[in-house]
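1. this is a predicted model, with the sequence first.
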Amino acid sequence: MAALDRWFHLQESGTTVRTEIAAGVTTFLAMAYILFVQPTVLGAAGLDRGAVLTATCLASAIATFLMGVLANYPIAVAPAMGHNFFFTFTVVLARGTPWPVALGAVAIAGAAFVLVAAFGVRDRVLAAVPEAMRHAIGVGIGLLITLIGLEWSGIVVPAPGTYVALGRLSSPPVLLALGTLIVIAILLARGVKGALLIGMLASTAAALALGFTHFTGVLSRPPSLAPTFLALDVRHAFTPSLADVIFVFFLLAVFDAIGTLLGIAGRIGLVKNGVLPRARRALVADAVGTVIGACLGTSTVTAYVESTAGVATGGRTGLTSVVTAGMFIAALFVYPLVRMIGGGYPMGDVTLYPSVAPALVLVGVLMMEGVTHIRWTDMTEAIPAFLAIVTMPLAVSITDGLAFGFISMAILKAATGRGRELDWVTYVCACLFLLKYVV
C-alpha cells in the first residue's frame, strides 16, 4: 500500500486504494460496450472479429496502463467511436481501401501524433482548425453513428429517391431493437452507470429467449491474434491518394485526446490557469496506444469520456487506470459473450444487430453537445459547421464533411474581410481538400 501511495500520490490526491479500485471497475463498466461494438464494426470491413476483440483488449490495456503510470491520470483509453466507423464505412467500404492499408494509415497518423505529443506542438495543431469546426466534427460523427445504428436496427432502411425510410417496425428483430433503445434511454436518463452495457446484456437475454441467437458459453481462451497481428500495410498507405485519410485520422486523434483530457482533468481540479500538468505524458500514452493498436489490428484508440464515471466514483489518480487496464485483460476471456451480443440476425438482404445497434443510436445523442458551442449567429462559422455536420451522415464520409467545412469557412472568412481570423494552416488545408475534388 505504501508503494502505491508513493507512486500514485494517493493521500495527496485525497483518495484511497479501495476508492481507486471501485473507480477503475466503474470506468470499465461504463465503456465496456466497445468490446461488443468494435468487433462488429471492424468485422464489417473484413477483419476477423475474434482477432479484433483481442487487439482491442490488448491495445486498450496497454494504453490505459501507460496513461496511469506515466501521467497518473484516472483516464482510460480504448478504440474511439467515430474513428472506427470512419475506418470501416469511409476508408474501407466506400473507398475500397484494403483493411491492411487502412490499418497502415492509422499507424502513420498515430506516429505523427506521437511526434506532436512528444515535441509539445499541440497548440500549433489546434490553431489549424477553427473552434467551430472542432465542435462540428464531433456532432457530425455522432449523426453518422446514429444513422448506421438506425440502419443496423432495421428502424430505417434504404429507400430509392428519399435515401432512407422507416423499416418494418412490426418485425420481431426491429421490435427487439426498439425495446433495447427504450431500455438504454431510460437507464441513461436515470444516470445509471454502464447503461449501454446493461442494455446490450438485457437485449441479448431477450434475443436468447426469442431464439434470435443461441447460447455458446461465456468464457473461453482468448481468440487468436494471428489474422490481424502486424497485418498493417504502411507502404501502400503512405501514398498521396490516402493523404486525406491520414490527415483525418490524425485530426480526430488529436482533438479527441486533448478535448477529453482537458474535460476530465478540469473536473478533478488538475487544470490550473489553462495548463494541464503532465499533458505531454498523457498525449504520448494516447498516441503510442494508437500505433500499438494498429499493429495488433484495431482502429485509433483515444482517451474515453466515459472515464468521468470513474471520476464521479472518486477516482483521482492513475491507479484507477491501472485497474481498468486489468479489467481489459480479463475481458480477453469472454469472446463467446461478445459473439452472442454482437452477432447479426439475417433479415432479407441485410443483417440486423438488434443488441448493438441501439447503443450506437444513443452514442450519437452523447456526441451532440458540441452544437451548443457553435456561434450560430455568425454565418461565417455557422454555415461551415452546418455543412460539415450534415455532410458526414448524408455522404457517409467524415472526410467529405471536413472538406466542405474547411473550404466553405475559408471562402466565407476571406469574402467578408475576416480572413485574418483563420490560421494560415487552415487555408492550406482548405486548398488541399479543394484540390482533392478538382483532381
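-> Nice, thanks for sending it over.
2. and the residue nearest to residue 251 when sequence neighbours are not counted, how many residues sit next to it?
-> The shortest distance from residue 251 to any non-neighbouring residue, by C-beta to C-beta, 6 or more residues apart in numbering, is to residue 129 (6.7 Å). Any C-beta I mention is one placed from the backbone N, CA and C, and that applies to glycine too. Neighbour count for residue 129, taken as other C-beta atoms under 10 Å: 23.
3. model confidence for residue 129, exactly?
-> With respect to pLDDT, residue 129 scores 76.
4. so it touches residue 248, yeah?
-> No. Between residue 129 and residue 248 there is no contact under C-beta atoms under 8 Å: 11.4 Å.
5. for the residue nearest to residue 251, give its distance to residue 260.
-> For residue 129, the distance to residue 260 (C-beta to C-beta, to the nearest Å) stands at 16 Å.
6. same thing with residue 167?
-> 34 Å.
7. ok now whichever helix in the chain runs longest, how far from the chain's centre?
-> Longest helix in the chain, counting residues (DSSP state H): helix 243-267. Here the centre of helix 243-267 is set off from its chain's centre by 10 Å, with C-alpha atoms, centre = their mean, to the nearest Å.
8. what's the following helix or strand after that helix?
-> Using DSSP states H and E, the helix or strand that follows helix 243-267 in sequence is helix 279-296.
9. how about low-confidence regions in the stretch 1-150 of the chain?
-> Per-residue confidence for the stretch 1-150 of the chain (pLDDT under 70) gives these ranges: 1, 5, 120-128.
10. all strands of it, in order?
-> Using DSSP state E, counting those that start in this stretch, the strands assigned to the stretch 1-150 of the chain run over residues 77-79.
11. helices of that one, start to end?
-> Ranges of helices in the stretch 1-150 of the chain, per DSSP state H, counting those that start in this stretch, are 2-8, 17-31, 34-43, 49-66, 83-85, 99-118, 122-127, 131-153.
12. let's have these in JSON lines, adding distance to residue 400 and mean neighbour count.
-> Formatted as JSON lines, the helices of the stretch 1-150 of the chain follow (distance: least, C-beta to C-beta, whole Å; neighbours: other C-beta atoms under 10 Å):
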{"stretch": "helix 2-8", "distance to residue 400": "44", "mean neighbour count": "14"}
{"stretch": "helix 17-31", "distance to residue 400": "29", "mean neighbour count": "22"}
{"stretch": "helix 34-43", "distance to residue 400": "20", "mean neighbour count": "27"}
{"stretch": "helix 49-66", "distance to residue 400": "26", "mean neighbour count": "26"}
{"stretch": "helix 83-85", "distance to residue 400": "14", "mean neighbour count": "25"}
{"stretch": "helix 99-118", "distance to residue 400": "17", "mean neighbour count": "23"}
{"stretch": "helix 122-127", "distance to residue 400": "21", "mean neighbour count": "14"}
{"stretch": "helix 131-153", "distance to residue 400": "10", "mean neighbour count": "24"}
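13. which of the ones you listed sits closest to residue 279?
-> Closest approach to residue 279 among these (C-beta to C-beta): helix 122-127, 7.7 Å.
14. I'd say residue 33 and residue 195 touch.
-> No. Contact criterion C-beta under 8 Å: residue 33 and residue 195 do not qualify, at 9.1 Å.
15. and the helices in the stretch 301-439 of the chain?
-> Under DSSP H, counting those that start in this stretch, the stretch 301-439 of the chain gives helices at 307-313, 318-330, 335-342, 357-366, 379-394, 398-415, 424-438.
16. which strands and helices sit next to the shortest one?
-> This points to helix 307-313. Counting contacts by 3 or more C-beta pairs under 8 Å, 6 or more residues apart in numbering; DSSP states H and E, helix 307-313 packs against helix 17-31, helix 243-267.
17. contacting residues for residue 23?
-> 74, 310, 311, 313, 314, 315, 316, 320, 323 (C-beta atoms under 8 Å, 6 or more residues apart in numbering).
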